[in-house]
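1. Predicted model and sequence follow; I will ask about them next.
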2 protein chains.
Amino acid sequence: MFSMATIRDVAKQAGVSVATVSRVLNSNGYVNNETKKKVDEAIQQLNYKPNAVARSLYKKTSKTIGLIVPDIGNPFFPELARAVEDTAHKKGYNVFFCNTDENAEKEEHYLEILLQKYVDGVIVASNTLTAEKVKELNIPVVSIDRKITAEIPTVVVKNKEGAQKATGYLKEIGCERIAHLRGPHHIDNANERVDGYLEEVGNEPWFESSYIVDGNYVMKNAIQATLELLERHPEIDGIFAANDVMAIGAVKAAHRFGKKVPEELAIIGFDGISMAEATTPELTTIAQPIYDMGTAVTDLLVKLIEKKPVERTFLELEVELVERESTRKQNNKGGR
Amino acid sequence: MFSMATIRDVAKQAGVSVATVSRVLNSNGYVNNETKKKVDEAIQQLNYKPNAVARSLYKKTSKTIGLIVPDIGNPFFPELARAVEDTAHKKGYNVFFCNTDENAEKEEHYLEILLQKYVDGVIVASNTLTAEKVKELNIPVVSIDRKITAEIPTVVVKNKEGAQKATGYLKEIGCERIAHLRGPHHIDNANERVDGYLEEVGNEPWFESSYIVDGNYVMKNAIQATLELLERHPEIDGIFAANDVMAIGAVKAAHRFGKKVPEELAIIGFDGISMAEATTPELTTIAQPIYDMGTAVTDLLVKLIEKKPVERTFLELEVELVERESTRKQNNKGGR
DNA sequence: TTCTAATGTGTAACCGGTTACACACAGTAT
DNA sequence: ATACTGTGTGTAACCGGTTACACATTAGAA
């Protein structure tokens, strides 16, 4: 077993002081060209790699950020994580990766560890985190996908607008009874999507609150909920699901129920995850710019870490309607 | 702005030396109970959290591992990553998370950074890494999903056996012309799956090599390849795709081609990703125990890091046939 | 010629933990 | 009484970088 070369080894080898080696490494301060050459040679010969931990200790910065998500298995997050990691890497940061399962204790525990490891900042997708806790951390924290409080910089999408777009689109293609498969009550974006839906159909003569059914953003539950919905309201011809995973569940339920998608029942999702392209029929959805969101939060966080000026700390990105096969113009009924 | 309390602050507050505080923190050495109480109080009062970076520097271990995958967006990896993170966390390790896009330079770059950050070990899913490079690192490295060389501890599944199972199953349910949509030639597991396929049908009178078509583990390409395959061999009634993503592509292609799945064409995948449950029909597949694989590599790595005894350094996990809707007994033809 | 500024380099303290070693004291064995 | 062992605590070196400060030399300005 052999041990890594240190800066003192390099200094000795090059016949200079450690300060000089450090200056060469970081290209700051004055260094004679000849000296630099000697040092570079020594570095080469010893295959010297500076020790980031030692540097962190003195500089009180680790060039590391934490990424806290509920569950990387949730298909929304891999793409987000990818964007975060790509962007962080581009800016010279590494990312620590944590899954909390929306569990407040686990989250707090992770934050503590991250703090002890000197992370420079944290990106968090959470609805359990409170503003006080964040303040205690004393490092920049940004929130993605969910807004926690006004004080915490946040990147989200225009949920309400997207929901309106989705519901409006169903109306446009001729749906006359549109249900909504909503997300969890404790999640902000779910409530906003309900708002958007209501904005579009809340005043329709046919509307009643039983057209909104509870879902929890997972497939299995959505299948059951949709089955019950169709049982109760066989007249519905359009469903806006608050996320793609539930929309896929709704497609499956419709299939089991014997309703043809899109001919008899149009289904639209929200998110734009890649899984939505795997289904038959492929899912129409309100696509979030997931990768861009990841890039945006990371950019924001790094600016906060490096104390660079930030224009806005609340970014609301646009969503986009992606028309695929699960919805289609319906001319069979006497549309308006 | 205020700064974190250090061990010296705690020592002063408690009226003891730093050594004693350290002993209390790590519960080693002798500490009088009264003294311990005083120290604990001081820790409480100052809200002291030990600095992991300083500890790392002295101990030459960071309680951190690196996880290198080609692309977390690839649906195989989120579940794996989840398992790795869960297990690592349980054992007191954090995980740095890196995407290489199968790019050797990027990979090498990441390894260098991880090394500088003092990671204690690395889990890698790669086919660009060489044994020499690993040896240079001087820290434990384990390989997941792909075997690199015999020297590097590895966790994989029984690819050949799984492929035989898949192909055999298609025969069993009555398929008489079975094609294989293979993975990239440079990836080991793809070749093993071809071997398994050949084992089952290579000697059939009908077999010819044009029943094996190239895919690259991505959907779009698989759709095109399947379309061409069906054009060339309209007689095929079964396809074994080397991964689920391609199998989903094959289902789509069949749909476009006008072949009914599973009635006219049975399709089976490999991997057992959750996306395979999103499709209609839901995909029959050879499921890898992805989560278990993640648990197993992480366990293995941690044992190597902590120099605990390891029974075997090459684990080949079992795969399992999961029957779903994309295959079904075919009685319409005069089966054997 | 003298003063000042720019260039170049080294010494040692520092970041915040851990631990080898020294030392003191009590209890027990010889 | 002496030696030895177990308990309890402090001092200071150490991990491997960074940098404040001191100091020397040279070039250019006055």
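-> Nice, I can see it.
2. what about the residue in the stretch 101-250 of chain A positioned nearest to chain B, how many neighbours?
-> Nearest residue of the stretch 101-250 of chain A to chain B (Cβ to the nearest Cβ) works out as residue A:116 at 4.3 Å. Backbone N, C-alpha and C define where each C-beta goes, glycine included. Residue A:116 is flanked by 17 other residues according to other Cβ atoms under 10 Å in any protein chain shown.
3. before we move on, what about residue A:19?
-> The tally of other residues near residue A:19 (other Cβ under 10 Å) stands at 12.
4. Do a quick rundown of the strands in the stretch 1-150 of chain A.
-> A:64-69, A:94-99, A:121-124, A:141-144 (DSSP state E, counting those that start in this stretch).
5. Excluding its own residues, what touches the helix or strand of chain A with the lowest mean pLDDT? List them.
-> Using mean pLDDT, DSSP states H and E, helix A:131-137 stands out as the lowest-scoring helix or strand of chain A, at a mean of 89. With contacts defined as Cβ atoms under 8 Å, 6 or more residues apart in numbering or on different chains, helix A:131-137 is touched by A:108, A:111, A:115, A:122, A:141, A:148, A:149, A:151, A:152.
6. hmm, which two among those residues are most spread apart?
-> Pairwise distances across the contacts of helix A:131-137 (Cβ to Cβ) peak at 19.6 Å, for the pair A:115 and A:149.
7. So for the two, which sits in the more crowded spot?
-> More crowded of residue A:115 and residue A:149, by other Cβ under 10 Å: residue A:115, with 19 against 12.
8. Please tell me I have it right and that one contacts residue B:48.
-> No. The pair residue A:115 and residue B:48 fails to qualify as a contact (Cβ atoms under 8 Å) at a distance of 12.0 Å.
9. Residue of chain A nearest DNA strand D, please.
-> Per Cβ to the nearest atom of the strand, residue A:7 is where chain A lies closest to DNA strand D, at 2.9 Å.
10. still on that earlier bit, now the residue of the stretch 101-250 of chain A closest to chain B. Nearest residue, chain neighbours left out?
-> Spatial nearest neighbour of residue A:116, excluding adjacent residues (Cβ to Cβ, 6 or more residues apart in numbering or on different chains): residue B:52 at 4.3 Å.
11. Close to DNA strand D: what parts of the stretch 51-200 of chain A are there?
-> Within reach of DNA strand D by Cβ under 7 Å from any atom of the strand, the stretch 51-200 of chain A has these residues: A:51, A:54, A:55, A:57, A:58, A:59.
12. Roughly how far does the third one sit from residue B:116?
-> As for residue A:55, its distance to residue B:116 is 9 Å (criterion: Cβ to Cβ, to the nearest Å).
13. And for residue A:199?
-> Distance of residue A:199 to residue B:116, given as Cβ to Cβ: 53 Å.
14. Please apply the same query to residue A:233.
-> Counting by Cβ to Cβ, the gap from residue A:233 to residue B:116 is 61 Å.
15. same check, this time on residue A:295
-> Using Cβ to Cβ, residue A:295 is found at 25 Å from residue B:116.
16. Same question for residue A:245.
-> Distance from residue A:245 to residue B:116, by Cβ to Cβ: 39 Å.
17. got it, and residue A:110?
-> Taken as Cβ to Cβ, the span from residue A:110 to residue B:116 is 24 Å.
18. same deal with residue A:299?
-> Distance from residue A:299 to residue B:116, counting by Cβ to Cβ: 24 Å.
19. For the residue most central in space within chain A, which non-adjacent residue is spatially closest?
-> Residue closest to the average C-alpha location in chain A (Cα atoms, centre = their mean): residue A:80, at 4.4 Å. Closest residue in space to residue A:80, ignoring its immediate chain neighbours: residue A:294 at 4.5 Å, by Cβ to Cβ, 6+ apart.
20. The one you found contacts residue A:82, correct?
-> Yes. Contact criterion Cβ under 8 Å: residue A:294 and residue A:82 qualify, at 6.9 Å.
21. which sections of chain A are below the confidence cut-off?
-> Within chain A, the stretches with pLDDT under 70 are A:1-2, A:329-336.
22. Give me every residue in the stretch 51-200 of chain A lying close to DNA strand C.
-> A:54, A:57, A:58, A:60.
23. Near the third one, how many other residues are there?
-> Neighbour count of residue A:58, defined by other Cβ under 10 Å: 9.
24. swap in the second one?
-> The number of residues packed near residue A:57 is 18, by other Cβ under 10 Å.
25. which non-adjacent residue is nearest it?
-> Once chain neighbours are set aside, the closest to residue A:57 by Cβ to Cβ, 6+ apart is residue B:53, at 5.0 Å.
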